[in-house]
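> mind looking at a prediction? Sequence and model below.
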Amino acid sequence: MPRVRFAPSPTGYLHIGSARTFIFNWLYARHHRGAMILRIDDTDVERNTQASLDSIFDGLKWLDLGWDELYHASQRVDLHRRLAQELLHRGFAYRDFTPAAAEAEGGNSHPAPQSEGAWLFNPGMREMSAQESDRRAQAGELFVLRFRVPRDSRGEVEFNDLVYGAQSKSTADIEDFALLRGNDLPTYHMASCADDMDLRISHIVRGQDHLTNTFKHVLIFEALNAPLPEFAHLPLLIAPDGSKLSKRRHGPAVSVLTYRDAGFLPHAYVNFLCLLGWSPKDDREVLSRQELIDAFSFEGVNRSNATVNFTEDDPLDPKAVWLNAEHIRRLSVEELSAGLLPFAWAAGFRADEASMLRVAPLIQERIRLLRDVTSTADFFFVHQLPPYDSAELIPQKGDVVMVAAVLDQAREILSNADFHHDALEAALRAGAQKLGIKTGQMFQPIRVAVCGRKAAPPLFQTLEVLGRETCLQRIGQAIEKLPKAA
RNA sequence: GGCGCUAUCGUCUAACGGUUAGGACGGAGCCCUCUCAAGGCUUAAAUACGGGUUCGAUUCCCGUUAGCGCUACCA
């Protein structure tokens, strides 16, 4: 039974790429009836923030996928140190007493290219005798523990990636990376490998940015005689300009919570993320959670980066919005209504379950985001219609006189009609005929009078839901608004 | 700079040597229609470039170019 993990570091909000990594892990676990492990990789004490941790949990909870086990790397430091010591004692690591490099001046994050292979390691440290190393450590001198990459005894480090295939890299191109820092805390490489071993992770599924790190991890696993897990690296998600997604440059488009707050259905969002870098290969696009679980495999994962298609004006990918609309249409009225209510309340609408249950079917195929309820169904919930231009009341090839006649006629009909769809339709169509005008000319003034705009759900259902009293009141107001015919 | 990964319509992708290079989003147009949607139909739009291998390359190999990643006592 596979055991997979998602291991975010709480140094930023949960972003869209992380969410997708979580989802692919989860899908793999559920497909194979394995375990999904959430591990907070909070080994960088300096940069962890509570806000970030909250954002990660908020986002994951919203995705509504769940996990089976939860760990915090920061609470497992003893394990990390123990395995680091084991590497030291068995000669796979050595102490490097070189003082921490001062931060590069001018904020240049990439150090100037070094000559020869000097960047690989510091010979004086790597070759230091155990006696001297122990003595200096005893004396309290600070050091970082580095992995001693076996450049003499082996040429290539190899592993198979479930997505990218056979991978290999020369040990001559791998530097002696750090395991323990000067403050005795583990680095990511040490902590991550130690935890993956200890938690018996069978498949490491993560972003492609870790592909080259994996060679280092293979070295650690082998040195510790731990069975090597399977690896599957995922193509990265990038911005439309081809750059890496970043909060600073791309703003809300990269945050999962943006989609939640816009009124995405969690499973629609999950569906969308799955389609970024993965395909069921049979042209299906709208997939339920179970269909995703059934269809998922690493065979379907792509190798090239995928662009999240947002713009400065609109942080939401159009295809994501379309998918959300598709999923909204597949909801039962009860489900849709329950999803809509919080957005209606947030907008200040006096909506309750009963009223929303009647409105939901009218807007179900007219909204793409749950928040659209505020712009498409407002007139069902407000007492007073917001002001509208009375010119809107005038239909094609019509004039104020016609509108006045229509509204008078409508008022009379609605005063007496049975307030149900079929009866309303029959009565209003008859009214149009009586006035000798087209149905469109009859319906538009009424629609605008009761809805406050031309674009609205079908008229007869709308009238029915609104009820006689409200309809008559609004038609009365429209008549008041009407400019007096010259 | 070194090393690694990648390259099909604007975007997401299918085609694991032989297709008129398929689907979807978005765009355009038409139909349906009480408006708006939804739905139906039509349409524009792609194999980065150059060499090989092969009877035949989107597909395999090499090179070029471009993009991304790693190159931290970040993860």
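Perfect, thanks for sending it. Numbering: from 1, shown residues only, chains lettered A, B, ... in the order given.

> pLDDT value on the closest residue to A:Leu340 other than its chain neighbours, please?
Leaving aside its chain neighbours, A:Leu340 sits nearest to A:Val373 (4.7 Å; criterion: C-beta to C-beta, 6 or more residues apart in numbering). No exception for glycine: its C-beta is placed from N, CA and C like everyone else's. Reported pLDDT at A:Val373 in the predicted model: 98.

> and whichever strand or helix holds A:Val373, what does it pack against?
Element membership of A:Val373, judged by DSSP states H and E, is helix A:373-376. Taking 3 or more C-beta pairs under 8 Å, 6 or more residues apart in numbering; DSSP states H and E as contact, the helices and strands that helix A:373-376 lies on are helix A:333-346.

> show me what the next helix or strand after the helix it packs on is packed against.
Using DSSP H and E, the helix or strand that follows helix A:333-346 towards the C-terminus is helix A:353-363. When contacts are defined as 3+ C-beta pairs under 8 Å, 6+ apart, helix A:353-363 sits against helix A:333-346, helix A:378-381, helix A:459-466.

> identify the bridge partners of A:Asp96.
Note on A:Asp96: beta-bridge partners by DSSP bridges are A:Val144.

> now the residue of the stretch 251-400 of chain A found nearest RNA strand B, what's its secondary structure?
Going by C-beta to the nearest atom of the strand, RNA strand B is nearest to A:Ser304 of the stretch 251-400 of chain A, at 2.9 Å. Three-state call for A:Ser304 (DSSP: H, G, I helix; E, B strand; the rest coil): coil.

> check it and give its pLDDT.
Looking at A:Ser304, its pLDDT stands at 96.

> quick check: buried residues in stretch A:319-326?
By neighbour count on 16 or more other C-beta atoms under 10 Å, the buried set for stretch A:319-326 is A:320-321, A:323-325.

> same question, stretch A:158-171
So, applying 16+ other C-beta under 10 Å, buried residues of stretch A:158-171: A:159, A:161-164, A:167, A:169, A:171.

> now stretch A:423-430
For stretch A:423-430, a neighbour-count test (16+ other C-beta under 10 Å) marks A:424-425, A:427-428 as buried.

> can you narrow the residues you listed to ones near RNA strand B?
A:Glu425 (C-beta under 7 Å from any atom of the strand).

> how about the strands in chain A?
For chain A, the strands defined by DSSP state E cover A:3-6, A:35-40, A:69-72, A:93-96, A:144-147, A:156-161, A:165-170, A:178-180, A:203-207, A:230-234, A:237-238, A:306-307.

> can you put those strands in a markdown table and add distance to RNA strand B?
Converted to a markdown table, those look like this (distance: least, C-beta to the nearest atom of the strand, whole Å):
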| stretch | distance to RNA strand B |
| --- | --- |
| strand A:3-6 | 11 |
| strand A:35-40 | 9 |
| strand A:69-72 | 12 |
| strand A:93-96 | 7 |
| strand A:144-147 | 4 |
| strand A:156-161 | 8 |
| strand A:165-170 | 5 |
| strand A:178-180 | 3 |
| strand A:203-207 | 8 |
| strand A:230-234 | 8 |
| strand A:237-238 | 6 |
| strand A:306-307 | 3 |
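
> would TSV of those strands with distance to A:Trp119 be doable?
Compiled in TSV, these are given as follows (distance: least, C-beta to C-beta, whole Å):
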stretch	distance to A:Trp119
strand A:3-6	31
strand A:35-40	31
strand A:69-72	33
strand A:93-96	13
strand A:144-147	13
strand A:156-161	18
strand A:165-170	15
strand A:178-180	13
strand A:203-207	24
strand A:230-234	24
strand A:237-238	28
strand A:306-307	32
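
> mind giving me a markdown table with the helices and strands packed on helix A:353-363 and columns for distance to RNA strand B, mean pLDDT and mean neighbour count?
Below are these laid out as a markdown table (distance: least, C-beta to the nearest atom of the strand, whole Å; pLDDT from 0 to 100; neighbours: other C-beta atoms under 10 Å):
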| stretch | distance to RNA strand B | mean pLDDT | mean neighbour count |
| --- | --- | --- | --- |
| helix A:333-346 | 14 | 98 | 18 |
| helix A:378-381 | 12 | 98 | 20 |
| helix A:459-466 | 4 | 98 | 20 |
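
> possible to save these as JSON lines with distance to A:Pro266?
Output for the helices and strands packed on helix A:353-363, formatted as JSON lines (distance: least, C-beta to C-beta, whole Å):
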{"stretch": "helix A:333-346", "distance to A:Pro266": "10"}
{"stretch": "helix A:378-381", "distance to A:Pro266": "25"}
{"stretch": "helix A:459-466", "distance to A:Pro266": "28"}
